[in-house]
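[1] pasting the sequence and the predicted model now:
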Amino acid sequence: MASKITSGFFAQDTLKVARELLGVEMAYGDCRGVIVETEAYCGDPASHAVTRPNTGVLLRETFGCIYIYSIYGIHRCLNFTSDESGPGAVLIRALEPLRGIESMMARRGTERLRNLTSGPAKLVQALAVDPALHGQEIGRSIRLRRLWEVKEKDVAWGPRIGISKAQELPWRFWVKGNKHVSV
DNA sequence: TGGCCGATATGCT
DNA sequence: GCATATCGGCCAA
């Protein structure tokens, strides 16, 4: 039986949270998908804890909460805050769709399964994540439970995508070979 | 109050 | 591979 993940899980180190979120099912509204790609943001120069000192307060002062930001005007991305002892958040970059695929296709305007949730802004649009969830504790609207046990040998990692600072840090994690990983 | 930048996605060449 | 839409957040003035 799959085990529920609550906000307390996010108290631990951000890199560990990012790694451990792989294989976790996310349920929201009429949709479900498994997390297959994440990125960790700590107190590094690319983190909103640094680049957005006002709104980034959530990264410093909470864990286990939803952090939603907008980028390039038209996109929104979903994070979960982490690390009870410092700034941290994990960006959810890709899901493998499980349920509500018809709804996702309608909202994304495509029939192509591979293009539904293979990117941070794509999955927010596919699941119609409400921006008003910003700051809310995990487990209320967005529910998580471990669905897959992802072995060490099935985890890949590398540099984070789309950033101009701290590009050398290999803080992006994904499920090796999964067809729904971005890029 | 204005200007710059960005954890993206898409469409065109 | 490259241009670009489009706007919130931030800071300088």
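    Cool, the structure landed.

[2] measure stretch A:144-152 end to end?
    21 Å (CA to CA, to the nearest Å).

[3] go on, stretch A:141-159?
    For stretch A:141-159, the end-to-end distance is 31 Å (CA to CA).

[4] list the buried ones in it?
    A:142, A:144, A:146-148, A:150, A:156-157 (16 or more other CB atoms under 10 Å). Heads up, the C-betas are built off the backbone N, CA and C, glycines and all.

[5] so which of those residues sit within helices?
    Among the buried residues of stretch A:141-159, none falls in helices (DSSP state H).

[6] distance to residue A:47 and pLDDT added to these, as JSON lines?
    Putting the buried residues of stretch A:141-159 into JSON lines (distance: CB to CB, whole Å; pLDDT from 0 to 100) gives the following:
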{"residue": "A:142", "distance to residue A:47": "21", "pLDDT": "98"}
{"residue": "A:144", "distance to residue A:47": "22", "pLDDT": "98"}
{"residue": "A:146", "distance to residue A:47": "26", "pLDDT": "98"}
{"residue": "A:147", "distance to residue A:47": "28", "pLDDT": "98"}
{"residue": "A:148", "distance to residue A:47": "28", "pLDDT": "97"}
{"residue": "A:150", "distance to residue A:47": "25", "pLDDT": "98"}
{"residue": "A:156", "distance to residue A:47": "22", "pLDDT": "98"}
{"residue": "A:157", "distance to residue A:47": "18", "pLDDT": "97"}
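
[7] which residue does chain A have closest to DNA strand B?
    residue A:162 (1.8 Å; CB to the nearest atom of the strand).

[8] any figure for the gap between that residue and residue A:115?
    Distance of residue A:162 to residue A:115, given as CB to CB, to the nearest Å: 18 Å.

[9] cool, residue A:167 as well?
    On the measure of CB to CB, residue A:167 and residue A:115 end up 26 Å apart.

[10] more neighbours: which of these two?
    Taking other CB atoms under 10 Å, residue A:167 and residue A:115 do not tie; residue A:115 has more neighbours (16 against 13).

[11] what sits against that one?
    Residue A:115 makes contact with A:108, A:122, according to CB atoms under 8 Å, 6 or more residues apart in numbering.

[12] low-confidence regions, chain A specifically.
    Along chain A, the parts satisfying pLDDT under 70 run over A:1.

[13] write out the residues of it neighbouring DNA strand B.
    Residues of chain A found near DNA strand B (CB under 7 Å from any atom of the strand) are A:39, A:41, A:46-48, A:51, A:59, A:67, A:69-75, A:77, A:79, A:89, A:91, A:108, A:110, A:115, A:119-122, A:160-165, A:182.

[14] so which of these belong to strands?
    A:39, A:41, A:67, A:69-71, A:75, A:77, A:79, A:89, A:91 (DSSP state E).
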